[in-house]
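# Fold the following for me, if possible:
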Amino acid sequence: AAPEQPAAAARPTGIAIEPAPATQAGRALNDAEQWLDLVADSGLSGPSRELAANAAFVSFQHGVLRLALMPGFEYLQSERALNALAQALSQALGSTPKILIETGNVQAETLHERADRQRGEQQHAAEAVFMADPQVQQLLQQGARVVADSIRPFKE
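Residues are numbered from 1 along each chain as shown. Next up, the predicted model:
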């Protein structure tokens, strides 16, 4: 008599599905707003952060990122800052971009300009809410004055 074979281990049946390979396409970068969001989320610091925050988006095509700096900000484009910026963007974009910087043709908003605009909007909104308060209106009618620049937006 032939020796008995051990029972084969129970194997699940069905179709094995491999996880989809990670894409190298990366994050979309088609316009100035996407550029501003990318820079804000990049985690950059130091000179590369200043370069990115003062650079306006021109275009991103075929791995070439074109940015523009206002005259007077050319000093920000050191080789070290450009390399650090390219490396930081490579993770988000899926590949390391070639960065070309032009001077003077700034048509889009920079991150610094957006932050200034947003601060101004918040300040204006805070002043409007304060001045519309009935108690403030009553005090003003009684001769009180609002000290210039004394109203600040509430930061959560």
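# where do the helices sit along the chain?
In the chain, the helices defined using DSSP state H lie at 32-41, 46-54, 79-93, 111-132, 134-141.
# what's the most buried one of those?
Burial of the helices of the chain is given as mean neighbour count (mean count of other Cβ atoms under 10 Å); helix 46-54 ranks first at a mean of 20. C-beta here means a position set from N, CA and C on the backbone, and glycine is covered the same way.
# would you list the helices of the chain in a markdown table and tack on mean pLDDT?
Putting those into a markdown table (pLDDT from 0 to 100) gives the following:
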| stretch | mean pLDDT |
| --- | --- |
| helix 32-41 | 87 |
| helix 46-54 | 90 |
| helix 79-93 | 90 |
| helix 111-132 | 86 |
| helix 134-141 | 91 |
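# Let's have these in JSON lines, adding distance to V147.
What follows is the helices of the chain, written out as JSON lines (distance: least, Cβ to Cβ, whole Å):
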{"stretch": "helix 32-41", "distance to V147": "33"}
{"stretch": "helix 46-54", "distance to V147": "32"}
{"stretch": "helix 79-93", "distance to V147": "41"}
{"stretch": "helix 111-132", "distance to V147": "12"}
{"stretch": "helix 134-141", "distance to V147": "12"}
